[in-house]
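Asker: requesting a structural model of the entry that follows:
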Amino acid sequence: MLDKILHWLKKFIPRQLFVAVQPLYHYLLAWLGAIIYRFPARQLKIIFVTGTKGKTSTTEILSAILTTAGHKVASTSTLQFKIGDKIERNLYKMSMPGRMFMQKFLRRAVSAGCDFAVIEGTSEGSKLFRHKFIDLDGLIFTNISPEHIESHGSFEKYLEAKLEYARALDQSKKAPKFLVVNSDDQEAQKFKDQAPSAIQLEFSLAQAKPFDTTLAGSKLTIDSKEVKTALTGQFNVLNILGAAKMAKIFGATDDDIKKALANLGKIPGRMEKVFSDKPGQNFEVIVDYAHTTDSLAKAYETLGDRRKICVLGSCGGGRDKWKRPQMGKVASNHCDYIILTNEDPYDEDPEQIIAEVAEGITKPYVKILDRREAIRAAIKEAKEGDVVIITGKGTDPYIMGPSGKKMSWSDYEVAREEMSADLTQKLGEIGRQLGGWKKDLQAKTPRP
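Answerer: I've put the predicted structure just below:
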């Protein structure tokens, strides 16, 4: 309701004045939410997860470990909202919803008897004060790379928005409080500098050695103990290390971590394998959220040397135009067959978005604007041993069009439907061939 009023006011208030007043509006709304819901964060242990990539996975992994350790946990992420055993899919098209939502969610967590709340912290959430009046007990920093540059104005401002979570940890009235950072990232020290009052711990890929990761899963070492997980990719090894480091601070044991990772399975929309409900699947179909050049490259690298048929979801409209040709270049370097398609054009021309992605591609590609038809074409192209990888949306529930128009969507379900239809068609063709061969055999066989 308040967002609708704000949208209406934009039409009448001069832009310069509106921009100047916006921070005060967001701050007051955060304060009002905390007042209405009686500062629920004070009754929970609050852990934020921030960075460019891996936030959702780290949030889900940490939630799983803490739950296995015997705690009742609430969590918010791009994927879902969880309070204990109750899970709701996140349909907001934002990883970190508004201030009133956050405060109400935390109050619900308190009422449900939760001990912890694990929250995915975004740069936009920081910019709009969605974290205000939520005192932190811990913060995990995963990594940083350029993203949302149009929204923030520069990479430096984007980084500042992320660093705000470290400052929030430092200013938190809770004690002790903990900062866990990925020391492999070149900006890790900046996060440490912003939270001098926190106890600081580091994790790095070297700590997981020896480790092995394939599309079937991963084996890694955590504090000299080997653990196995269905999660795949070097990036998930780091996500696991960060989550495990924080969980141990709050009492999780090696056995808790091992059991949680064994039971976790795949995280939806993150290198998630699609299974058909029909027999005969002899190639793999993967759905992944990859939406930065680095995450896209790592997703492709995880698939090894197999023939890759890549459905590249282009890039969303109205943001990060600079990375479009770079995404095309990554696909060109790793994919054997490329299909460019629509993702979330918003008010931009999807044809133009695709054309800008194509600027980075130096090999033949196919353009299919309709996303379902693109997925169908990729599946029809796949042969035994190939892998189809569909990127850009993950578990996003809608395709966003002009003027806020949205269409319900699921890459996983569409891929599953198209794969099943394709296999049904192939089985029918085989059946008809067998029938034809039987008739030919009967015709050629002399009667007694």
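Asker: surely V237 and F211 touch.
Answerer: Yes - counting by CB atoms under 8 Å, V237 does reach F211; the two are 5.5 Å apart. Where you see a C-beta, it was placed from the backbone N, CA and C, and this is true even at glycine.
Asker: what is in contact with these two at once?
Answerer: With contacts defined as CB atoms under 8 Å, 6 or more residues apart in numbering, the residues adjacent to both V237 and F211 are L205, S218, L220.
Asker: from those residues, pick the one nearest T293.
Answerer: The shortest approach to T293 among the shared contacts of V237 and F211 belongs to L205, at 19.5 Å (CB to CB).
Asker: so that closest one makes contact with Q234?
Answerer: Yes - using CB under 8 Å, L205 makes contact with Q234 at a distance of 6.9 Å.
Asker: could you measure from the residue nearest to G318 when sequence neighbours are not counted over to K405?
Answerer: Spatial nearest neighbour of G318, excluding adjacent residues (CB to CB, 6 or more residues apart in numbering): Y346 at 4.9 Å. For Y346, the distance to K405 (CB to CB, to the nearest Å) stands at 9 Å.
Asker: equivalent analysis for E348, please.
Answerer: From E348 to K405 the distance is 13 Å (CB to CB).
Asker: who's more crowded, those two?
Answerer: E348 (17 against 11; other CB atoms under 10 Å).
Asker: now do the more buried one, the pLDDT please.
Answerer: Each residue has a pLDDT score; the one for E348 is 94.
Asker: residues in contact with C315?
Answerer: If a contact means CB under 8 Å, 6+ apart, then C315 has H291, K321, K323, R324, M327, E343, I353, E356, V357, G392 as its contacts.
Asker: hang on, I meant Y165
Answerer: F48, T50, G121, S126, H131, L136, L139.
Asker: in strands, which of these fall?
Answerer: Counting by DSSP state E, the contacts of Y165 place F48, T50, G121, L139 in strands.
Asker: out of the residues you listed, what pair is the most spread apart?
Answerer: G121 and L139, at 7.9 Å, using CB to CB across the ones in strands among the contacts of Y165.
Asker: what about stretch 312-319, average pLDDT?
Answerer: Stretch 312-319 shows a mean pLDDT of 84.
Asker: thinking again about what came up before, now for G121 and L139: what residues contact both?
Answerer: In contact with both G121 and L139: F48, V49, T50, Y165, using CB under 8 Å, 6+ apart.
Asker: so can I have CSV of those showing distance to Q281?
Answerer: Formatted as CSV, these follow (distance: CB to CB, whole Å):
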residue, distance to Q281
F48, 40
V49, 35
T50, 38
Y165, 42
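Asker: give the contact list for K173.
Answerer: The contact partners of K173, taken as CB under 8 Å, 6+ apart, are D135.
Asker: please identify the helix or strand for it.
Answerer: For K173, there is no helix or strand it lies in under DSSP states H and E.
Asker: separation between it and D137?
Answerer: Taking CB to CB, one finds K173 at 11 Å from D137.
Asker: using ChimeraX, define a selection of the buried residues within the contacts of C315.
Answerer: In ChimeraX, a selection of the buried entries from the contacts of C315 looks like this (16 or more other CB atoms under 10 Å):
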select :291,323,324,327,343,353,356,357,392
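Asker: nearest to L241 among the contacts of C315?
Answerer: For these, the residue nearest L241 by CB to CB is H291; the value is 22.6 Å.
Asker: what's the distance between the closest one and V49?
Answerer: Distance, H291 to V49, using CB to CB: 17 Å.
Asker: do the same with G265
Answerer: 20 Å.
Asker: what about these two, which has more around it?
Answerer: Regarding G265 and V49, a neighbour count based on other CB under 10 Å identifies V49 as having more, with 31 against 13.
Asker: surely that one and L136 touch.
Answerer: No - using CB under 8 Å, V49 makes no contact with L136, being 11.0 Å away.
Asker: what residues of stretch 70-80 count as buried?
Answerer: By 16+ other CB under 10 Å, the buried positions in stretch 70-80 come out as H71, V73, A74, S75, T76, S77, T78, L79, Q80.
Asker: redo those as JSON lines? Include pLDDT.
Answerer: Converted to JSON lines, these look like this (pLDDT from 0 to 100):
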{"residue": "H71", "pLDDT": "98"}
{"residue": "V73", "pLDDT": "98"}
{"residue": "A74", "pLDDT": "98"}
{"residue": "S75", "pLDDT": "98"}
{"residue": "T76", "pLDDT": "98"}
{"residue": "S77", "pLDDT": "97"}
{"residue": "T78", "pLDDT": "95"}
{"residue": "L79", "pLDDT": "95"}
{"residue": "Q80", "pLDDT": "96"}
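Asker: which one of those is nearest S295?
Answerer: T78 (13.1 Å).
Asker: quick one, phi psi at the nearest residue to the closest one once chain neighbours are set aside?
Answerer: Of all residues not flanking T78 in the chain, S95 sits nearest, at 4.1 Å (CB to CB, 6+ apart). Backbone torsions of S95, given as degrees, to the nearest 10, read phi -70, psi -30.
Asker: S95: what's it in contact with?
Answerer: K55, T56, S77, T78, E120, T122, G125.
Asker: now for those: which two are most distant?
Answerer: T56 and G125 (13.5 Å).
Asker: specify which member of the shared contacts of G121 and L139 is nearest to A299.
Answerer: When the shared contacts of G121 and L139 are compared for distance to A299 (CB to CB), V49 wins out at 19.9 Å.
Asker: bridging residues for the closest one?
Answerer: Beta bridges link V49 to E120, I140, judged by DSSP bridges.
Asker: quick one, what contacts it?
Answerer: V49 neighbours (CB under 8 Å, 6+ apart): K55, T58, T59, L62, V118, I119, E120, G121, L139, I140, T142, G242.
Asker: which one of the residues you listed is nearest to I368?
Answerer: For the contacts of V49, the residue nearest I368 by CB to CB is K55; the value is 30.7 Å.
Asker: next, work out how far apart the closest one and T232 are.
Answerer: K55 is 18 Å from T232, by CB to CB.
Asker: count of residues packed around the closest residue to D184 other than its chain neighbours?
Answerer: Spatially, and ignoring its direct neighbours in sequence, D184 is nearest to S204 (4.8 Å; CB to CB, 6+ apart). Per other CB under 10 Å, the neighbour tally for S204 reads 16.
Asker: pull out the buried residues from stretch 86-98.
Answerer: N90, S95, M96, P97, G98.
Asker: that stretch: end-to-end distance?
Answerer: The first and final residues of stretch 86-98 sit 21 Å from each other (CA to CA, to the nearest Å).
Asker: thinking again about what came up before, closest to A421 among the contacts of S95?
Answerer: A421 lies nearest to T78 out of the contacts of S95, by CB to CB, at 29.0 Å.
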